[in-house]
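Novice: model this:
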Amino acid sequence: MELWNITVINSFFLVGILQDSESPELVCAAITFLYLVAMASNGLLLLLIAMDNRLHVPMYFLLSQLSLMDLLFTSIIAPKTLVDYVGGQNTISLTGCGLQMFLALTLGGAEDILLAFMAYDRYVAIHHPLNYMVLMRPTVCWSMVAVSWLLASVSALVYTIYTMHFPFCRNQEIHHLLCEILPLLKLACADTSQYELMVYTMGVTFLLIPLSAILASYTLVLTTVFHMPSAQGRQKALFTCSSHLTVVGLYYGAAMVMYVLPSAYHSPQQDNILSVFYTIVTPALNPLIYSLRNKDVLGALKKVIRKDPS
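Specialist: Model prediction:
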């Protein structure tokens, strides 16, 4: 029988990309820049959707929820990472670790589900254009958002409570940008193998079900688009879907490598880079992907800029 160190840990050291990097100042500057871009772009997109009546349609309502999730997600990671580096400390309490885990799981899970609902929205818009505003009426949109938050928060709460119930009495260093389940379980002074297998299985399932819904929606969308008689109509339909598909690719690409790839193929350095990508880089890119080539959003922005302050 293995004898565990009886000293129970009540705080941890987060050894993230800034601690592992050979050029931490450059990485810190990059994270700061990306965080400011994420805050400004997501905040501006939320403001435009709220102010412009032309954007008060289901597609942009769901997009505003995605921007809100991205803004919150990056805000629970980036500021602490930067403050810890500047202050020369990278500690986090047991309670703080649990809270960060819960928030990250909630926001990541909610975005996972919301992307599937956004794909369904595109399917309805292209496959049932005449009934779009009926099928995607406000009560349906709000229900989609509520389901996304509810399922993600309940799942996150269960995972967080069960993960944090383990005693931690090994090394205090979490080799990750944030408190996540698997890096934290490496410090547990108990057998967590069965729980790790369950976390892996449920994580893969939680990713693949929405991804399957997205692929099914876009299969039907493409079938409809390629049967359109108008080339201009096909181009417009494909354009409206391309932004969402790009965001889906960024999100699920990082998530698949992070959570589906077996742990034997992971390294702390790789996980740190991926964690920066999906917590900081992706939230900065998403609003730019949706808005830079979107005439409605650019039109709303020009309207705000030209508006008389008086």
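Novice: surely Asp112 is in contact with Ala254?
Specialist: No: using Cβ atoms under 8 Å, Asp112 is not in contact with Ala254; the gap is 11.7 Å. For glycine as for every other residue, the C-beta is placed from the backbone atoms N, C-alpha and C.
Novice: got the buried residues for stretch 20-30?
Specialist: Val27, Cys28 (16 or more other Cβ atoms under 10 Å).
Novice: restrict it to CA atoms and write it as CSV.
Specialist: As requested, C-alpha coordinates have been extracted for stretch 20-30 and formatted as CSV (Å, rounded to 0.1, in the frame of the first residue of the first chain):
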residue,chain,number,x,y,z
ASP,A,20,7.4,27.9,-19.0
SER,A,21,8.3,30.4,-21.7
GLU,A,22,11.8,31.4,-22.5
SER,A,23,10.5,34.9,-23.4
PRO,A,24,7.8,35.6,-20.7
GLU,A,25,7.8,39.4,-21.4
LEU,A,26,6.9,38.8,-25.0
VAL,A,27,4.2,36.2,-24.1
CYS,A,28,2.8,38.6,-21.5
ALA,A,29,2.6,41.4,-24.0
ALA,A,30,0.9,39.1,-26.5
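Novice: now it, how far from the centre of its chain.
Specialist: 23 Å (Cα atoms, centre = their mean, to the nearest Å).
Novice: check stretch 238-247 too.
Specialist: Using Cα atoms, centre = their mean, the offset of stretch 238-247 from its chain centre is 17 Å.
Novice: give me the contact list for that stretch.
Specialist: 59, 66, 115, 118-119, 122, 125-126, 218, 221, 225, 286, 289-290, 293-294 (Cβ atoms under 8 Å, 6 or more residues apart in numbering).
Novice: residues contacting Leu82?
Specialist: Counted by Cβ under 8 Å, 6+ apart, Leu82 has contacts Cys28, Ile31, Thr32, Tyr35.
Novice: and with 10 Å instead?
Specialist: For Leu82, the contact set (Cβ atoms under 10 Å, 6 or more residues apart in numbering) comprises Leu18, Cys28, Ala29, Ile31, Thr32, Tyr35.
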